[in-house]
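K.L.:
Starting from these lines, generate the structure:
(one chain, ligands or ions: 3)
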Amino acid sequence: MKTKYFFLSVLAMTTLLVVGFNAQAAQAPLKEVKSAKGNVSGANVFNRLLKKDAQRNAAPAEDGIHDSANDGTHVLQPPLIAYDGLPTSEFGNYVDWVKSLDDGLLKPRYDLSDPTVEPLVMDLDIVREVKASMPDVVFPHKPHTQWLHCSNCHPKIFIPQRKANVMSMSAILLGQKCGVCHGKVSFPVTTKSCTKCHSKPKPADWKPPKSEASLKNPWR
Ligand code: HEC
Ligand code: HEC
Ligand code: HEC
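P.N.:
Ligands and ions are numbered 1, 2, ... in the order given. Below is the predicted model of the structure:
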(Lines give C-alpha, C1' and ligand atoms only; values in the text may rest on other atoms or scores of the structure.)
(Ligands and ions follow the chains in the order given, each with its own letter.)
Protein backbone atom coordinates (compact mmCIF):
# COMPACT_ATOMS: atom_id res chain seq x y z
CA MET A 1 0.00 0.00 0.00
CA LYS A 2 2.71 2.42 1.09
CA THR A 3 4.72 1.87 -2.10
CA LYS A 4 1.56 2.54 -4.11
CA TYR A 5 1.06 5.92 -2.35
CA PHE A 6 4.75 6.66 -2.71
CA PHE A 7 4.54 5.84 -6.43
CA LEU A 8 1.43 8.00 -6.83
CA SER A 9 2.96 10.98 -5.07
CA VAL A 10 6.14 10.70 -7.17
CA LEU A 11 3.94 10.59 -10.28
CA ALA A 12 2.02 13.67 -9.08
CA MET A 13 5.25 15.55 -8.37
CA THR A 14 6.70 14.65 -11.76
CA THR A 15 3.46 15.76 -13.43
CA LEU A 16 3.61 19.06 -11.55
CA LEU A 17 7.25 19.49 -12.54
CA VAL A 18 6.55 18.66 -16.18
CA VAL A 19 3.45 20.88 -16.29
CA GLY A 20 5.32 23.66 -14.50
CA PHE A 21 8.27 23.33 -16.85
CA ASN A 22 5.99 23.28 -19.89
CA ALA A 23 4.17 26.37 -18.66
CA GLN A 24 7.54 28.10 -18.33
CA ALA A 25 8.62 26.90 -21.78
CA ALA A 26 5.33 28.15 -23.24
CA GLN A 27 5.84 31.54 -21.60
CA ALA A 28 9.46 32.00 -22.69
CA PRO A 29 8.84 32.97 -26.37
CA LEU A 30 6.09 35.38 -25.26
CA LYS A 31 8.58 37.14 -23.00
CA GLU A 32 11.07 37.39 -25.87
CA VAL A 33 8.50 38.96 -28.19
CA LYS A 34 7.68 41.51 -25.50
CA SER A 35 11.30 42.53 -24.98
CA ALA A 36 11.92 42.70 -28.74
CA LYS A 37 9.03 45.16 -29.06
CA GLY A 38 10.49 47.17 -26.19
CA ASN A 39 13.79 47.39 -28.04
CA VAL A 40 12.19 48.62 -31.24
CA SER A 41 10.38 51.49 -29.60
CA GLY A 42 13.43 52.09 -27.41
CA ALA A 43 15.59 52.50 -30.51
CA ASN A 44 13.15 55.05 -31.89
CA VAL A 45 12.60 57.31 -28.91
CA PHE A 46 14.93 59.92 -30.44
CA ASN A 47 12.75 60.05 -33.57
CA ARG A 48 10.31 62.91 -33.12
CA LEU A 49 8.22 61.56 -36.00
CA LEU A 50 7.47 58.30 -34.17
CA LYS A 51 7.32 59.58 -30.61
CA LYS A 52 3.90 60.28 -29.16
CA ASP A 53 3.58 63.51 -27.19
CA ALA A 54 2.75 63.06 -23.51
CA GLN A 55 0.79 66.33 -23.68
CA ARG A 56 -0.25 68.44 -26.68
CA ASN A 57 1.62 71.75 -26.88
CA ALA A 58 3.08 71.70 -23.37
CA ALA A 59 4.13 75.00 -21.78
CA PRO A 60 7.76 76.02 -22.56
CA ALA A 61 9.04 74.97 -19.14
CA GLU A 62 7.59 71.45 -19.57
CA ASP A 63 8.15 70.82 -23.29
CA GLY A 64 11.61 69.27 -22.93
CA ILE A 65 13.08 71.79 -25.39
CA HIS A 66 13.40 74.94 -23.30
CA ASP A 67 15.59 75.24 -20.19
CA SER A 68 13.16 75.29 -17.24
CA ALA A 69 15.91 76.67 -14.95
CA ASN A 70 16.14 79.82 -17.09
CA ASP A 71 13.87 82.68 -15.95
CA GLY A 72 13.34 83.74 -19.59
CA THR A 73 11.54 80.44 -20.31
CA HIS A 74 8.76 81.39 -17.89
CA VAL A 75 8.21 84.74 -19.64
CA LEU A 76 7.31 83.01 -22.94
CA GLN A 77 3.63 82.76 -23.78
CA PRO A 78 2.41 79.12 -23.49
CA PRO A 79 1.36 77.72 -26.92
CA LEU A 80 -2.12 76.72 -25.71
CA ILE A 81 -2.80 80.43 -25.04
CA ALA A 82 -0.96 81.75 -28.12
CA TYR A 83 -2.70 79.29 -30.51
CA ASP A 84 -6.20 79.89 -29.11
CA GLY A 85 -8.63 80.80 -31.90
CA LEU A 86 -6.38 79.69 -34.79
CA PRO A 87 -7.78 77.09 -37.24
CA THR A 88 -6.75 73.59 -36.17
CA SER A 89 -5.18 70.62 -37.95
CA GLU A 90 -4.84 66.97 -36.94
CA PHE A 91 -1.04 66.81 -36.67
CA GLY A 92 2.14 68.64 -35.71
CA ASN A 93 1.27 71.35 -33.21
CA TYR A 94 -2.39 71.07 -34.27
CA VAL A 95 -2.55 74.50 -35.92
CA ASP A 96 -3.30 74.97 -39.63
CA TRP A 97 -0.65 77.65 -40.20
CA VAL A 98 -1.33 78.10 -43.92
CA LYS A 99 -5.02 78.76 -43.26
CA SER A 100 -4.20 81.06 -40.30
CA LEU A 101 -2.10 83.19 -42.62
CA ASP A 102 -4.70 83.14 -45.44
CA ASP A 103 -7.43 84.15 -42.98
CA GLY A 104 -5.31 87.15 -41.93
CA LEU A 105 -4.99 85.93 -38.33
CA LEU A 106 -1.19 86.18 -38.46
CA LYS A 107 1.23 88.64 -40.00
CA PRO A 108 4.75 87.23 -39.71
CA ARG A 109 7.46 89.89 -39.70
CA TYR A 110 9.66 89.28 -42.73
CA ASP A 111 12.75 91.27 -41.72
CA LEU A 112 14.35 91.40 -38.29
CA SER A 113 15.40 95.05 -38.41
CA ASP A 114 12.91 96.62 -40.83
CA PRO A 115 9.21 95.97 -39.98
CA THR A 116 8.01 97.44 -43.32
CA VAL A 117 9.65 94.78 -45.56
CA GLU A 118 7.03 92.71 -47.42
CA PRO A 119 7.64 89.00 -48.27
CA LEU A 120 8.71 88.06 -51.80
CA VAL A 121 5.84 85.69 -52.56
CA MET A 122 6.11 83.43 -55.62
CA ASP A 123 3.07 81.46 -56.79
CA LEU A 124 4.61 78.51 -58.65
CA ASP A 125 3.57 74.87 -58.16
CA ILE A 126 6.06 72.11 -58.93
CA VAL A 127 4.58 68.68 -59.62
CA ARG A 128 6.77 65.71 -58.77
CA GLU A 129 5.51 62.52 -60.39
CA VAL A 130 5.67 59.69 -57.89
CA LYS A 131 6.72 56.35 -59.33
CA ALA A 132 4.59 54.43 -56.83
CA SER A 133 0.77 54.40 -56.81
CA MET A 134 0.59 57.31 -54.31
CA PRO A 135 -0.91 60.54 -55.73
CA ASP A 136 1.76 62.85 -57.22
CA VAL A 137 3.45 65.44 -55.02
CA VAL A 138 2.70 69.12 -55.54
CA PHE A 139 5.28 71.46 -54.07
CA PRO A 140 3.59 74.88 -53.76
CA HIS A 141 6.00 77.85 -53.66
CA LYS A 142 3.27 80.21 -52.40
CA PRO A 143 2.69 78.92 -48.82
CA HIS A 144 6.47 78.57 -48.46
CA THR A 145 7.54 81.99 -49.72
CA GLN A 146 4.89 83.67 -47.53
CA TRP A 147 7.08 82.69 -44.58
CA LEU A 148 10.49 81.91 -46.05
CA HIS A 149 13.00 83.71 -48.22
CA CYS A 150 14.20 81.80 -51.34
CA SER A 151 17.63 81.39 -49.74
CA ASN A 152 16.18 79.04 -47.09
CA CYS A 153 15.94 76.38 -49.81
CA HIS A 154 17.96 77.55 -52.84
CA PRO A 155 20.55 76.41 -53.63
CA LYS A 156 21.58 74.44 -50.53
CA ILE A 157 18.57 72.12 -50.06
CA PHE A 158 17.17 72.25 -53.63
CA ILE A 159 18.78 73.24 -56.94
CA PRO A 160 16.22 75.75 -58.35
CA GLN A 161 15.44 73.69 -61.42
CA ARG A 162 12.48 71.40 -61.97
CA LYS A 163 13.38 67.66 -61.63
CA ALA A 164 17.03 68.49 -60.86
CA ASN A 165 16.68 67.10 -57.33
CA VAL A 166 16.36 63.48 -56.26
CA MET A 167 13.79 63.07 -53.48
CA SER A 168 12.34 60.08 -51.68
CA MET A 169 10.34 59.33 -48.54
CA SER A 170 13.38 57.72 -46.91
CA ALA A 171 15.37 60.93 -47.38
CA ILE A 172 12.47 62.99 -45.97
CA LEU A 173 12.08 60.74 -42.92
CA LEU A 174 15.84 61.00 -42.32
CA GLY A 175 15.50 64.79 -42.18
CA GLN A 176 16.76 65.61 -45.69
CA LYS A 177 15.00 67.45 -48.58
CA CYS A 178 11.46 68.37 -47.45
CA GLY A 179 12.35 66.70 -44.11
CA VAL A 180 14.80 69.51 -43.29
CA CYS A 181 11.67 71.38 -42.15
CA HIS A 182 8.71 68.96 -42.26
CA GLY A 183 8.61 67.12 -38.94
CA LYS A 184 10.67 69.83 -37.25
CA VAL A 185 9.28 73.33 -37.83
CA SER A 186 6.42 72.56 -40.24
CA PHE A 187 3.77 69.84 -40.39
CA PRO A 188 5.23 66.31 -39.98
CA VAL A 189 4.87 63.12 -42.03
CA THR A 190 2.05 61.18 -40.34
CA THR A 191 -0.57 58.80 -41.68
CA LYS A 192 -2.97 61.76 -41.67
CA SER A 193 -0.71 64.23 -43.53
CA CYS A 194 0.26 62.17 -46.65
CA THR A 195 -2.30 63.92 -48.87
CA LYS A 196 -1.04 67.40 -47.96
CA CYS A 197 2.02 66.72 -50.17
CA HIS A 198 0.58 63.87 -52.27
CA SER A 199 -2.29 66.03 -53.47
CA LYS A 200 -2.47 65.47 -57.24
CA PRO A 201 -4.43 62.32 -58.22
CA LYS A 202 -2.78 60.04 -60.77
CA PRO A 203 -4.09 60.31 -64.36
CA ALA A 204 -6.92 57.84 -65.07
CA ASP A 205 -4.72 55.81 -67.45
CA TRP A 206 -1.78 55.56 -65.01
CA LYS A 207 -0.06 52.17 -64.84
CA PRO A 208 2.79 51.20 -62.52
CA PRO A 209 6.11 51.64 -64.37
CA LYS A 210 7.88 48.44 -65.40
CA SER A 211 10.89 47.38 -63.37
CA GLU A 212 14.36 47.46 -64.91
CA ALA A 213 14.39 43.64 -64.92
CA SER A 214 11.25 43.40 -67.08
CA LEU A 215 12.52 46.15 -69.42
CA LYS A 216 15.77 44.24 -69.92
CA ASN A 217 13.86 41.02 -70.56
CA PRO A 218 10.97 42.14 -72.79
CA TRP A 219 10.36 38.53 -74.01
CA ARG A 220 8.91 37.66 -70.62
C1 HEC B 1 10.71 75.59 -49.06
C2 HEC B 1 11.71 75.49 -50.05
C3 HEC B 1 11.70 76.48 -51.20
C4 HEC B 1 11.65 77.86 -51.15
C5 HEC B 1 11.59 78.75 -49.93
C6 HEC B 1 11.73 78.31 -52.52
N7 HEC B 1 11.81 77.24 -53.37
FE8 HEC B 1 12.06 77.32 -55.39
N9 HEC B 1 11.94 75.26 -55.51
C10 HEC B 1 11.80 74.42 -54.42
C11 HEC B 1 11.64 73.06 -54.89
C12 HEC B 1 11.43 71.82 -54.03
C13 HEC B 1 11.70 73.10 -56.31
C14 HEC B 1 11.57 71.92 -57.28
C15 HEC B 1 12.91 71.31 -57.57
C16 HEC B 1 12.80 70.03 -58.36
O17 HEC B 1 11.73 69.73 -58.93
O18 HEC B 1 13.79 69.27 -58.41
C19 HEC B 1 11.90 74.52 -56.66
C20 HEC B 1 12.05 74.99 -57.95
C21 HEC B 1 12.34 76.31 -58.27
C22 HEC B 1 12.63 76.80 -59.60
C23 HEC B 1 12.68 75.98 -60.87
C24 HEC B 1 11.38 76.10 -61.62
C25 HEC B 1 11.40 75.35 -62.92
O26 HEC B 1 10.35 75.39 -63.59
O27 HEC B 1 12.40 74.71 -63.28
C28 HEC B 1 12.85 78.16 -59.49
C29 HEC B 1 13.20 79.11 -60.62
C30 HEC B 1 12.68 78.52 -58.11
N31 HEC B 1 12.37 77.39 -57.39
C32 HEC B 1 12.80 79.79 -57.61
C33 HEC B 1 12.51 80.18 -56.33
C34 HEC B 1 12.44 81.56 -55.87
C35 HEC B 1 12.71 82.79 -56.73
C36 HEC B 1 12.11 81.52 -54.54
C37 HEC B 1 11.85 82.68 -53.59
C38 HEC B 1 10.84 83.64 -54.04
C39 HEC B 1 11.99 80.10 -54.17
N40 HEC B 1 12.21 79.34 -55.29
C41 HEC B 1 11.73 79.65 -52.89
C42 HEC B 1 11.82 74.79 -53.09
C43 HEC B 1 11.80 76.09 -52.61
C1 HEC C 1 12.80 75.47 -45.39
C2 HEC C 1 11.72 74.73 -44.78
C3 HEC C 1 10.80 73.89 -45.66
C4 HEC C 1 11.15 72.95 -46.62
C5 HEC C 1 12.55 72.53 -47.04
C6 HEC C 1 9.90 72.44 -47.16
N7 HEC C 1 8.83 73.01 -46.52
FE8 HEC C 1 6.86 72.69 -46.91
N9 HEC C 1 6.34 74.10 -45.54
C10 HEC C 1 7.22 74.78 -44.73
C11 HEC C 1 6.48 75.71 -43.88
C12 HEC C 1 7.07 76.62 -42.81
C13 HEC C 1 5.12 75.57 -44.24
C14 HEC C 1 3.93 76.32 -43.64
C15 HEC C 1 3.63 75.83 -42.25
C16 HEC C 1 2.97 74.48 -42.19
O17 HEC C 1 2.03 74.22 -42.99
O18 HEC C 1 3.38 73.66 -41.36
C19 HEC C 1 5.07 74.55 -45.30
C20 HEC C 1 3.90 74.16 -45.93
C21 HEC C 1 3.84 73.19 -46.92
C22 HEC C 1 2.63 72.84 -47.65
C23 HEC C 1 1.30 73.54 -47.55
C24 HEC C 1 0.32 72.78 -46.74
C25 HEC C 1 -1.04 73.45 -46.72
O26 HEC C 1 -1.65 73.44 -45.65
O27 HEC C 1 -1.49 73.98 -47.75
C28 HEC C 1 2.97 71.79 -48.49
C29 HEC C 1 2.05 71.05 -49.45
C30 HEC C 1 4.38 71.53 -48.31
N31 HEC C 1 4.88 72.39 -47.35
C32 HEC C 1 5.10 70.57 -48.99
C33 HEC C 1 6.49 70.52 -49.04
C34 HEC C 1 7.26 69.60 -49.88
C35 HEC C 1 6.64 68.58 -50.82
C36 HEC C 1 8.58 69.88 -49.66
C37 HEC C 1 9.78 69.24 -50.34
C38 HEC C 1 9.81 69.27 -51.79
C39 HEC C 1 8.65 70.94 -48.66
N40 HEC C 1 7.37 71.29 -48.31
C41 HEC C 1 9.83 71.48 -48.16
C42 HEC C 1 8.58 74.65 -44.69
C43 HEC C 1 9.34 73.88 -45.58
C1 HEC D 1 6.37 66.80 -46.75
C2 HEC D 1 5.77 66.24 -47.94
C3 HEC D 1 5.42 64.76 -47.96
C4 HEC D 1 4.61 64.07 -47.07
C5 HEC D 1 3.91 64.59 -45.82
C6 HEC D 1 4.56 62.69 -47.55
N7 HEC D 1 5.29 62.56 -48.70
FE8 HEC D 1 5.60 60.84 -49.77
N9 HEC D 1 6.84 61.82 -51.04
C10 HEC D 1 7.16 63.18 -50.97
C11 HEC D 1 8.15 63.48 -52.00
C12 HEC D 1 8.77 64.85 -52.27
C13 HEC D 1 8.40 62.27 -52.69
C14 HEC D 1 9.38 62.04 -53.85
C15 HEC D 1 8.66 62.27 -55.15
C16 HEC D 1 9.65 62.18 -56.30
O17 HEC D 1 9.98 61.06 -56.72
O18 HEC D 1 10.09 63.23 -56.75
C19 HEC D 1 7.56 61.25 -52.07
C20 HEC D 1 7.52 59.90 -52.48
C21 HEC D 1 6.69 58.94 -51.94
C22 HEC D 1 6.60 57.57 -52.41
C23 HEC D 1 7.37 56.95 -53.57
C24 HEC D 1 8.60 56.23 -53.09
C25 HEC D 1 9.66 57.15 -52.63
O26 HEC D 1 10.09 57.04 -51.46
O27 HEC D 1 10.08 58.02 -53.40
C28 HEC D 1 5.70 56.93 -51.61
C29 HEC D 1 5.26 55.48 -51.69
C30 HEC D 1 5.22 57.90 -50.64
N31 HEC D 1 5.83 59.11 -50.87
C32 HEC D 1 4.31 57.64 -49.65
C33 HEC D 1 3.93 58.54 -48.65
C34 HEC D 1 3.04 58.22 -47.53
C35 HEC D 1 2.39 56.87 -47.32
C36 HEC D 1 2.93 59.35 -46.78
C37 HEC D 1 2.16 59.55 -45.47
C38 HEC D 1 2.55 58.64 -44.41
C39 HEC D 1 3.74 60.37 -47.41
N40 HEC D 1 4.32 59.85 -48.53
C41 HEC D 1 3.84 61.68 -46.93
C42 HEC D 1 6.66 64.09 -50.06
C43 HEC D 1 5.84 63.80 -48.98
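K.L.:
So S68 sits against A59, correct?
P.N.:
No - the pair formed by S68 and A59 falls short of the contact definition of C-beta atoms under 8 Å, at 9.5 Å. (Each C-beta comes from the backbone N, C-alpha and C, glycine too.)
K.L.:
more neighbours, these two?
P.N.:
When S68 and A59 are compared for neighbours, A59 comes out ahead with 17 against 12, by other C-beta atoms under 10 Å.
K.L.:
correct me, but that one touches A82?
P.N.:
No - if you go by C-beta under 8 Å, A59 and A82 don't touch, sitting 10.6 Å apart.
K.L.:
Common neighbours of those two, please.
P.N.:
Jointly contacting A59 and A82 under the rule C-beta atoms under 8 Å, 6 or more residues apart in numbering is no residue at all.
K.L.:
how is this protein carved up into domains?
P.N.:
Using automatic domain parsing, the domains assigned to the chain come out as 1-43, 47-84, 92-203.
K.L.:
Contact partners for C178?
P.N.:
With C-beta under 8 Å, 6+ apart as the criterion, the residues that contact C178 are F139, M167, I172, C197.
K.L.:
Tell me how many other residues crowd the last one.
P.N.:
The burial metric for C197, expressed as a neighbour count using other C-beta under 10 Å, is 22.
K.L.:
Need the nearest residue in space to it, chain neighbours excluded.
P.N.:
By the measure of C-beta to C-beta, 6 or more residues apart in numbering, the closest residue to C197 outside its immediate chain neighbours is V137, 5.0 Å from it.
K.L.:
Then the second one?
P.N.:
Using C-beta to C-beta, 6+ apart and skipping the chain neighbours, the partner closest in space to M167 is K177 (4.8 Å).
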